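J.: Output the structure for:
(one chain, ligands or ions: 1)
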Amino acid sequence: MYLVRLIYCSAVTHELNMQEVEQIISTAKENNGKVEVTGLLCFNRKYFLQCLEGARTNVNKVYHNILNDPRHHQVVLLEYDEISRREFSDWAMGCVPESDLTKPLCIKYSGNSEFNPYEMRGESCLGMMLELRNSVALI
Ligand code: FAD
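T.: All right, here's what the predicted structure looks like:
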């Protein structure tokens with residue numbers, strides 16, 4: 001079964017409270033764990049950036065569910081690659097909230113100190129998520 005990595009970004013349809021975000025994370029952890037999909041979800045009040053890794057069929061199914069979710073819209077696929085190993089194998093769905101999306105990291109990987117994945121290359125999104133994986137306490 002081919003291993004793939006998919007990265008997308010999206011915009012919230014309405015401002016989500018922490019309880020709603022926790023519900024998304026909890027569903028993601030539960031569902032992804034069952035199909036061995038791993039990854040990372042970054043978010044602030046406006047945007048989501050998510051990386052999904054796993055067997056191609058499973059990642060495609062999860063992404064299809066996510067695409068149809070009314071809690072976000074304007075989903076843009078940033079990267080889709082066959083990979084030889086996972087980068088986020090420890091997390092059914094690691095999660096990085098706005099407070100950990102530090103300005104220096106946003107400046108390093110985009111032209112702006114505010115987190116806006118629509119203004120980042122897919123490669124830069126992955127670079128930022130790899131640094132976050134190594135440096136922040138994931139919830
Ligand atoms: P349920 O959770 O029971 O949901 C059934 C339906 O109701 C789905 O269509 C769902 O979209 C919708 N729904 C559920 N709660 C709400 C709500 N509060 N408001 C409006 N509609 C709602 N799922 C994963 O499995 N893995 C992921 O990695 C993942 N990441 C996500 C990232 C983001 C940014 C978002 C917004 C959602 C993510 N989800 C993820 C959730 C995903 O979109 C589906 O909701 C979920 O896969 C459906 O799970 P379920 O079959 O258990 O159904």
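J.: Direction included, what does the least confident helix or strand in the chain by mean pLDDT pair up with?
T.: None of the helices or strands of the chain scores lower by mean pLDDT, DSSP states H and E than strand 94-96, at a mean of 82. Its sheet considered, strand 94-96 pairs with strand 38-43 (parallel) by DSSP bridges.
J.: any chance you could map the strands in this structure?
T.: Here the chain has its strands, by DSSP state E, at 3-12, 38-43, 47-55, 72-82, 94-96.
J.: which one of those strands lies closest to Glu123?
T.: strand 72-82 (7.3 Å; C-beta to C-beta). Using the backbone N, CA and C atoms, a C-beta is placed for each residue, glycine as well.
J.: What residues sit buried inside that closest one?
T.: Buried positions in strand 72-82, judged by neighbour count with 16 or more other C-beta atoms under 10 Å: His72, Val75, Leu78, Tyr80.
J.: Now do it and strand 47-55, the angle between them.
T.: Orientation check (axes from the mean of the first three to the mean of the last three C-alpha atoms, to 10 degrees): strand 72-82 against strand 47-55 gives 40 degrees.
J.: roughly how far out does strand 72-82 sit from the chain middle?
T.: Relative to the chain's own centre, strand 72-82 is displaced by 10 Å; criterion: C-alpha atoms, centre = their mean, to the nearest Å.
J.: who's in contact with it?
T.: Counting contacts by C-beta atoms under 8 Å, 6 or more residues apart in numbering, the residues outside strand 72-82 that touch it are 2-13, 48, 56, 66-67, 117-118, 120-123, 125-126.
J.: quick one, what contacts Glu36?
T.: Residues in contact with Glu36 (C-beta under 8 Å, 6+ apart) are Gly54, Ala55, Asn58.
J.: Switch these over to TSV; also include distance to Leu105.
T.: Output for these, formatted as TSV (distance: C-beta to C-beta, whole Å):
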residue	distance to Leu105
Gly54	25
Ala55	30
Asn58	29
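J.: Just the pLDDT at the nearest residue to Leu3 once chain neighbours are set aside, thanks.
T.: Nearest residue to Leu3 in three dimensions, chain neighbours excluded: Ile83, at 5.3 Å (C-beta to C-beta, 6 or more residues apart in numbering). We have a pLDDT of 97 for Ile83.
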